[in-house]
Each structure stands twice: as C-alpha cells, then as structure tokens.
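> Just a sequence and a predicted model for now, questions to come.
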Amino acid sequence: MIRNARHLVDALREPETVLSLSGRDWTDLMSIARAESLLGSLAHRLSNIAVPQEVKPILKDAIQATDFARLQALWEADCARRALAPLKCKTVLMKGTAYVAADLDAAIGRNIGDLDIMVAHDRLSVVETALLDAGWEWVKPDPYDDQYYRDYMHELPPLIHRERDRMIDVHHTILPLTAGPTPNATAILDAAVRLDSGLYVMAPPDMLLHSIAHLFADGDLAGGLRNLWDIDQLIRQFSSNEGFWTDLRSRAKTHQLEPHLARALRLATRLYDTPVRKNYTGQTRLTDHFYVRRLLARDGWGREKYKLTRLAFYIRSHWLRMPPLMLARHLWTKWRKGN
C-alpha cells in the first residue's frame, strides 16, 4: 500500500515511474490524485504511457471532466465580463481561470472551481452592485462574517449565482490585509496583460508570485501539491523568456514575498525537479522537511494523515492572517457563534 503522496509526485515528475506499480498501487495512486485535485493533470501526463486496461477509462473520464471544467470556467469569466462591461474597469482573472484564458501549460488537466477576479479597491462597490444586479447573491449572510471580509480580507464576501450555482470571489489584492506581507495591488493591476476578450491576466512574475503567496503566505497547505504543480508549470513556461528571473526577483521584493519565493523554489525543485535559478532559492532550512511532510499527507485511500503536522499548519495559517490579539478575538467570536 502507498504510504503517502510521494508516488503521485513521482508520476507527475517522471510518468515512467508508474510502470512498476502493482494493481493495488494504481488504486492508491488514483485515490490520492483525485483527493489532491490532480487526476486530470496526471491523466495528461500519462497519455503516452502503457497503463493497465482498468486504469484507461478512469484517466479518460478525468480528461473529459477537466475539458468540460475548462469550458465552464471560460463561460463564467465571460458572464462576469458582460456584467462588468458597463463599468469599464480593469477585470483581472486569477488562478485556474486565468491559466485557461491565457492558454498556459498550467491549465492542462487542471481542476477549476470558483471564478476569481481582481479589481481596483476603489471600484469594489460598483463591481459588487453590478454582480448583484446580474444574478449573483451573497453566500455568507452572517453580519460578522460579512464585516470581517470587508474590513480585513483581500476579497469581498463570496457570491454565488442564483441560477448557475457558480461562485465568484472578487479580490482587490492577493493577501489578507492583516497578513505580514503587503503586496502592491496597484502594481499588479498596472502590469496586467489584456486578452482578446477584454479581460486581463496578471503579468507572468505576478501570476507566479500570486500562486506562491496563496500557498505559502495564506493557507494551511491543504491541496498544496496541486498549487505546487501550478508553480512548477508556470516556471517551466515563463522561464524561457529572457529577463523573467530578473523581473521575478524585482516583483518579489515589491510584493514583500522574497522568503516565500525562495521556499517555493526549493520545494518545487525538491518534489517536481523544477528548473530554477539556484541563487534564488536561499539556504535549505530544517523547516522545509515539515513542509514536504504536510504536502505529502495522504494515505493510500486519499485520506489526510499526519494529524499533528496538519494541525500545526492550520494554526500557522491563522497566525499568518492576523496578529495574536485579533486572532484570539476572532476565534472567540466564532466559537461563541457556533454554540
């Protein structure tokens, strides 16, 4: 039985490694890949590998599912574009939808959930009104949650369309306002690249740094293997452009993400053998081991394991988001409301 997600990492990095898997190993690999939202990516990576007959329909279905998700994501992006077109404000696609809209390698086989967009902070109110008028409605009706998002988060409270049942997250920056780093949202919007649709995506260095910030400066690393795979794919594609690494370092400094960039490059190299500039990775740290342990925390059934490690990163994610006194007050309020 596969003990953690290492075999999934190996299969993505070097697809030929699956040739030595047993029948039980294949079952475990499929379960872990599905749990990590990487089954579509894995299916594409194994497209030229002689996999067992029983595995072929699973991989085929995964490719078809992500192809449909791709079309759905583009449709949702266009719905948002039409709703916001009268405002004539710059609308920047983020995460998976941006990868698909820009036809990037990171979009191949990627599972895409909510639509994430970014607009200027001073346009939030008119964007909010336009989306509500176009059929979106609030997911979080609780007054405390609503106010918490508006005062401290990097996005409006999430919205869901009443007919299509699809969610949209409207960002005005890429990290919570209470987080340690303070990315330069104006610089991101100014450098965004216009698509033929009239929508925008972040410039390559900012797009990569947003993925890094989302993984290492905001959350608890749940589902982190997919995010790290995004980072790997973006680096492989963007680094072919002259000047990318210089621009990346400059933008990391602008957004106060230099240590997070270094860690991301170390871990991407360690797990996916990502080609990076060695002088950008900084010194290997003892804590890198714990990050790897957290990223690989799946058993053969696809269930999360390493409970204490996951708990530590969960606590870390809250610690990153807000100062201690604010965190205590927030947790106390949430506990009282839950009882």
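That came in fine, so what should we check first?
> which secondary element of this protein has the worst mean pLDDT?
helix 324-337 (a mean of 60; mean pLDDT, DSSP states H and E).
> can you give me the helices for the stretch 1-150 of the chain?
Applying DSSP state H, counting those that start in this stretch to the stretch 1-150 of the chain gives helices spanning 6-13, 23-35, 39-45, 56-84, 95-101, 124-133, 143-152.
> Buried residues of the last one, list them for me.
Using 16 or more other C-beta atoms under 10 Å as the burial criterion, the residues of helix 143-152 that qualify are 145, 148-149. Yep, even glycine has a C-beta here, placed from its N, CA and C like the rest.
> returning to what we had before: looking at the helices of the stretch 1-150 of the chain, which is closest to Leu115?
With C-beta to C-beta as the criterion, Leu115 lies closest to helix 56-84 of those, at 4.6 Å.
> contacting residues for Arg150?
The neighbours of Arg150, taking C-beta atoms under 8 Å, 6 or more residues apart in numbering as the test, are 156-157.
> Mind telling me what element the most centrally placed residue in the chain is part of?
In the chain, the C-alpha nearest the mean C-alpha coordinate belongs to Asn227, at 4.9 Å (C-alpha atoms, centre = their mean). Assigned by DSSP states H and E, Asn227 belongs to helix 224-238.
> and that helix, what does it pack onto?
helix 6-13, helix 204-216, helix 258-272, helix 288-295 (3 or more C-beta pairs under 8 Å, 6 or more residues apart in numbering; DSSP states H and E).
> mind running it again at 6 Å?
Contact here means 3 or more C-beta pairs under 6 Å, 6 or more residues apart in numbering; DSSP states H and E; on that basis helix 224-238 packs against helix 204-216, helix 258-272.
> could I have the helix or strand that it is followed by exported to PDB, CA atoms only?
Note on helix 224-238: by DSSP H and E, the next helix or strand toward the C-terminus is helix 244-254. Only the C-alpha atoms of helix 244-254 are listed here, as PDB (Å, rounded to 0.1, in the frame of the first residue of the first chain):
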ATOM      1  CA  PHE A 244      12.000  36.500 -16.400                       C
ATOM      2  CA  TRP A 245      14.200  35.700 -13.400                       C
ATOM      3  CA  THR A 246      15.300  39.300 -13.000                       C
ATOM      4  CA  ASP A 247      11.800  40.500 -13.200                       C
ATOM      5  CA  LEU A 248      10.600  37.800 -10.700                       C
ATOM      6  CA  ARG A 249      13.100  38.800  -8.100                       C
ATOM      7  CA  SER A 250      12.200  42.500  -8.500                       C
ATOM      8  CA  ARG A 251       8.500  41.800  -8.200                       C
ATOM      9  CA  ALA A 252       9.000  39.500  -5.200                       C
ATOM     10  CA  LYS A 253      10.700  42.500  -3.500                       C
ATOM     11  CA  THR A 254       7.900  44.800  -4.500                       C
END
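> Go ahead and measure how far helix 244-254 is from the middle of the chain.
20 Å (C-alpha atoms, centre = their mean, to the nearest Å).
> what's in contact with it?
184, 187, 205-206, 209, 238, 258, 261, 277 (C-beta atoms under 6 Å, 6 or more residues apart in numbering).
> what comes up buried for stretch 169-188?
So stretch 169-188, judged by 16+ other C-beta under 10 Å, has buried residues 169-176, 178-179, 181, 183-185, 188.
> repeat for stretch 103-119
104, 106-112, 114-119.
> Leu46 contacts Glu16, doesn't it?
No: with contact taken as C-beta atoms under 6 Å, Leu46 and Glu16 are classed as non-touching, separated by 9.7 Å.
> Give me the more crowded residue out of these two.
Each of Leu46 and Glu16 has its neighbours counted (other C-beta atoms under 10 Å); Leu46 has more, 20 against 12.
> which one is that one nearest to, not counting chain neighbours?
Pro15 (5.3 Å; C-beta to C-beta, 6 or more residues apart in numbering).
> how near is the one you found to Leu225?
The gap separating Pro15 from Leu225 is 16 Å, by C-beta to C-beta, to the nearest Å.
> In this structure, where is pLDDT below threshold?
Residues of the chain meeting the criterion pLDDT under 70: 1, 322-339.
> rerun at 50
339 (pLDDT under 50).
> Can you turn the buried part of the contacts of helix 244-254 into a ChimeraX selection?
Those of these that count as buried under 16+ other C-beta under 10 Å are selected in ChimeraX with:
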select :184,205,206,209,238,258,261
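> Show me what the host helix or strand of Leu320 is packed against.
Using DSSP H and E, Leu320 sits within helix 307-321. Helix 307-321 is packed against helix 288-295, with contacts defined by 3+ C-beta pairs under 6 Å, 6+ apart.
> Give me the contact list for the helix it packs on.
221, 224-225, 266-267, 309, 313.
> Quickly check those for the two that are furthest apart.
Arg266 and Thr309, at 18.2 Å, using C-beta to C-beta across those.
> And the two? Which one has more around it.
Legend: neighbour count by other C-beta under 10 Å for Arg266 and Thr309, higher for Arg266 (21 against 17).
> still on that earlier bit, count of neighbours near the nearest residue to the residue nearest to the centre of the chain once chain neighbours are set aside?
Excluding the flanking residues, the one nearest Asn227 by C-beta to C-beta, 6+ apart is Leu215, at 4.2 Å. Using other C-beta under 10 Å, Leu215 has 24 other residues around it.
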